[in-house]
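S.K.: Got a sequence here, can you build the structure:
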Amino acid sequence: MPVPVGYYLMIKPGNQSYLCGGLFANSFRDATEMVRDYISEFGKEFDEIIHAPEFEKHFTVQWTSLLRISSGYDREHPQSEYLKFKSWYLKYSVAEEVIADAEQFMEEAAKLFRIMKPFNDYLNKALEGFQMPER
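M.R.: Residues are numbered from 1 along each chain as shown. Modelled structure (predicted):
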């Protein structure tokens, strides 16, 4: 389930392994709107998280995006670029030699997930009260 957001680990041969976090829910319009509304209201906090030196050293927010900001959102908002997004996630590639050393890998993964935590916490605050649609 994409909500609450959490952590994801993919181990795959050929240097295709990675650690992820954030929201991958472009098909859940309500979730997308909740995050946009939260960024619109608490954008300074979002900026502080994604521009923290340790965060920027390891992550760049990735996304699925619209071409323009949805109606109802200020095109001049300081975080207007992020208001175009339909998903907000982090991905960190992990080399095979790191994975081959279990102790090193566990230390690296734990460190990166700790750095990622404020980002996930922010998204989870934005998504408080979200209900997955019934199928």
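S.K.: which other helices and strands contact the longest helix seen in the chain?
M.R.: Taking DSSP state H as the criterion, the chain has its longest helix at helix 102-126. Applying 3 or more CB pairs under 8 Å, 6 or more residues apart in numbering; DSSP states H and E, we find helix 102-126 packed against strand 6-10, strand 17-23, helix 29-41, helix 43-50, helix 53-58, strand 85-94, helix 96-100. Placement of C-beta: from N, CA and C, glycine included.
S.K.: for the chain, what helix or strand is lowest in average pLDDT?
M.R.: Sorting the helices and strands of the chain by mean pLDDT, DSSP states H and E puts strand 62-65 at the bottom, at a mean of 84.
S.K.: CA-only coordinates of that strand in PDB, if you can.
M.R.: Written as PDB, here are the backbone C-alpha positions of strand 62-65 (Å, rounded to 0.1, in the frame of the first residue of the first chain):
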ATOM      1  CA  GLN A  62      12.100  12.500  -7.900                       C
ATOM      2  CA  TRP A  63       8.600  12.600  -9.300                       C
ATOM      3  CA  THR A  64       5.900  12.000 -11.800                       C
ATOM      4  CA  SER A  65       4.800  15.500 -12.900                       C
END
